[in-house]
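Participant: this is a predicted model, with the sequence first.
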Amino acid sequence: MVKIQNVMGDVKIGRQGEVVYQRKYGEQIRSVAAPKRAIVSEAQEKHRQLYRDALAWRKQLSRQNKRYLEGYCIANGVIDSYGIPLAWSRFALRLHLQKIKFVPALTTTELVEGEAVDQQYTTGDATSYYLHDTVWITQTFTPAITGKLTKLNIKMSRNYDPGDFVIQINTTNENGYPTDNVLCSKDFYSEPITEEEPGDWYYYTFDPLPSLTEEVVYAIIMHGKPGGTNPQLYWRQDATAPQYFRGCAYTSVNSGGTWTRRLYNDCMFQTYMLVPGEKITYGTLHVRHPALLTVVQKRGEQLVKGYDTLSSLDEEYLTGQVGLDVEKGDIIEVTTLPGVSYRYEV
């Protein structure tokens with residue numbers, strides 16, 4: 001469509017060959033008449049249906065709604081290309097047809113790696129397993145993340161005779177039983193451990209730090225070394241209704257030669273993993289449309305924010321912008337006042 005100036009002063013109206021002349025606001029406009037296609041594309045039909053829906057929505061507006069839209073355009077400077085306030089009928093179509101704008105302002109930051117508890121069972125310890133140089137006790141566990149094991153936390157006590165003991169991490173076989181493959185071990189002397197029941201928590205670290213893989217079963221094994229009168233440790237355990245379902249206790253009375261699974265027993269333990277640093281993208285997102293109705297922000301299955309009834313013709317108010325604090329991967333679901341829905345992933 002082209003605006004034309006006729007220096008001769010003649011005014012053309014109507015179709016002449018492949019050209020159509022029109023007049024609008026005192027100016028002459030020339031358009032090229034294109035033949036209609038015999039077959040409508042899918043995109044064309046989708047747009048036509050959207051326009052039909054817009055016409056149907058406009059038609060059902062009440063007289064009060066129309067007056068409000070007319071006044072809104074005048075009061076808020078909603079104008080056409082000639083600077084004239086839009087009529088309510090054109091503004092109503094714009095509300096339905098105009099797409100939502102999602103304007104992100106994001107930044108990316110790399111987090112520093114840190115230590116965190118991965119697996120643990122810390123409640124319900126009414127009794128203890130005793131262990132020494134021939135009686136060995138194991139608690140299996142399944143990491144939820146891949147990384148380095150920084151330390152173990154064990155709840156236990158000892159008898160009157162201190163002695164030398166070993167704590168180690170072993171692999172397990174396909175049935176979950178401990179193997180002879182030792183990933184790391186540490187010798188310690190039991191004298192600092194309390195003799196009072198129900199015991200206390202004690203940390204143990206390994207050098208070098210072992211690397212563990214998520215969803216792979218490993219075994220924490222504790223046992224004594226030969227020597228001393230009768231040194232024993234008492235590893236606290238829950239033998240009633242343990243709730244740790246990613247491992248269980250095992251006992252051996254022949255120094256780890258054979259193991260017996262204690263499916264309904266769990267020992268008290270905590271594993272600490274070095275969580276690697278990761279890059280996160282976050283920032284703000286502005287959602288813009290002349291008449292927003294609802295805005296919902298989700299992060300996975302979690303509802304972060306939700307806005308309802310942002311605009312109403314009957315109550316005579318329109319919301320044109322909403323700002324959100326977002327992270328990469330957030331899902332934004334938006335509905336406009338006419339009922340058109342949009343979905344955006346940060």
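Facilitator: Noted; the coordinates are in hand.
Participant: ok, and what's touching stretch 190-199?
Facilitator: 125, 128, 155-160, 162-165, 200, 202, 231, 233-234, 236 (CB atoms under 8 Å, 6 or more residues apart in numbering). All C-beta spots, glycine's among them, are computed from the backbone N, C-alpha and C.
Participant: buried sites along it?
Facilitator: Across stretch 190-199, burial judged by 16 or more other CB atoms under 10 Å covers S190, I193, G199.
Participant: make JSON lines from the residues you listed and add pLDDT to it.
Facilitator: Converted to JSON lines, these look like this (pLDDT from 0 to 100):
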{"residue": "S190", "pLDDT": "94"}
{"residue": "I193", "pLDDT": "96"}
{"residue": "G199", "pLDDT": "95"}
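Participant: coming back round to it: report the buried members of the contacts of stretch 190-199.
Facilitator: Buried among those by 16+ other CB under 10 Å: 125, 128, 155-159, 162-163, 165, 202, 231, 233-234, 236.
Participant: out of those residues, who's nearest E215?
Facilitator: Of all these, K155 has the smallest distance to E215: 25.4 Å, by CB to CB.
Participant: for L233, list each beta-bridge partner.
Facilitator: L131, R158 (DSSP bridges).
Participant: give me every residue that touches it.
Facilitator: Y130, L131, H132, M156, S157, R158, F165, S190, I193, M222, G224.
Participant: hmm, the third one is touching G227, no?
Facilitator: Spelled out, it's H132. No: H132 is not in contact with G227 according to CB atoms under 8 Å; the separation is 10.4 Å.
Participant: who touches both of the two?
Facilitator: With CB under 8 Å, 6+ apart as the test, H132 and G227 both reach G163.
Participant: between these two, who's got more neighbours?
Facilitator: Taking neighbours as other CB atoms under 10 Å, H132 and G227 compare with H132 leading, 21 against 9.
Participant: quick check: closest non-adjacent residue to that one.
Facilitator: Closest residue to H132 apart from its sequence neighbours, by CB to CB, 6 or more residues apart in numbering: G224 at 4.1 Å.
Participant: and if you look at T127?
Facilitator: In space, T127 is closest to A239, 5.4 Å off (CB to CB, 6+ apart).
Participant: who's in contact with stretch 101-116?
Facilitator: 150, 272-289, 326, 328, 332, 344, 346.
Participant: by mean pLDDT, flag the weakest helix or strand of this protein.
Facilitator: strand 2-4 (a mean of 49; mean pLDDT, DSSP states H and E).
Participant: I'd like the next helix or strand past that strand.
Facilitator: strand 14-16 (DSSP states H and E).
Participant: can you list the domains in this protein?
Facilitator: 1-34, 101-110+279-345, 114-275 (automatic domain parsing).
Participant: let me know which of those is tucked in deepest.
Facilitator: Across the domains of the chain, averaging neighbours per residue (mean count of other CB atoms under 10 Å) puts domain 114-275 on top, at a mean of 17.
Participant: what about that one, start to end distance?
Facilitator: Start-to-end span of domain 114-275 (CA to CA, to the nearest Å) is 5 Å.
Participant: against which helices or strands is the biggest helix by length in the chain packed?
Facilitator: For the chain, the helix with the greatest residue count under DSSP state H is helix 42-59. If you count contacts as 3 or more CB pairs under 8 Å, 6 or more residues apart in numbering; DSSP states H and E, helix 42-59 packs onto helix 88-97.
Participant: direction included, what does the next helix or strand after the helix it packs on pair up with?
Facilitator: As assigned by DSSP H and E, the chain's next helix or strand after helix 88-97 is strand 101-110. The pairing partners recorded for strand 101-110 under DSSP bridges are strand 279-288 (antiparallel).
Participant: may I have the partner strand exported as PDB, CA atoms only?
Facilitator: In PDB, the C-alpha atoms belonging to strand 279-288 read as follows (Å, rounded to 0.1, in the frame of the first residue of the first chain):
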ATOM      1  CA  LYS A 279      26.800 -22.000  35.700                       C
ATOM      2  CA  ILE A 280      23.500 -20.400  36.400                       C
ATOM      3  CA  THR A 281      21.600 -17.900  34.200                       C
ATOM      4  CA  TYR A 282      19.200 -15.600  36.000                       C
ATOM      5  CA  GLY A 283      17.800 -12.100  35.700                       C
ATOM      6  CA  THR A 284      14.500 -10.300  35.000                       C
ATOM      7  CA  LEU A 285      11.800 -10.900  32.500                       C
ATOM      8  CA  HIS A 286       9.200  -8.300  31.500                       C
ATOM      9  CA  VAL A 287       6.000  -9.600  30.000                       C
ATOM     10  CA  ARG A 288       4.200  -6.900  27.900                       C
END
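Participant: partner strands of whatever helix or strand comes next after it, parallel or antiparallel?
Facilitator: Proceeding N to C from strand 279-288, the next assigned helix or strand is strand 292-299, under DSSP H and E. Neighbouring strands of strand 292-299 in its sheet, by DSSP bridges, are strand 302-307 (antiparallel), strand 331-336 (antiparallel).
Participant: what angle do strand 292-299 and the helix or strand following the last one make with each other?
Facilitator: The first helix or strand that comes after strand 331-336 along the chain, using DSSP H and E, is strand 341-345. Orientation of strand 341-345 against strand 292-299 (axes from the mean of the first three to the mean of the last three CA atoms, to 10 degrees) gives an angle of 30 degrees.
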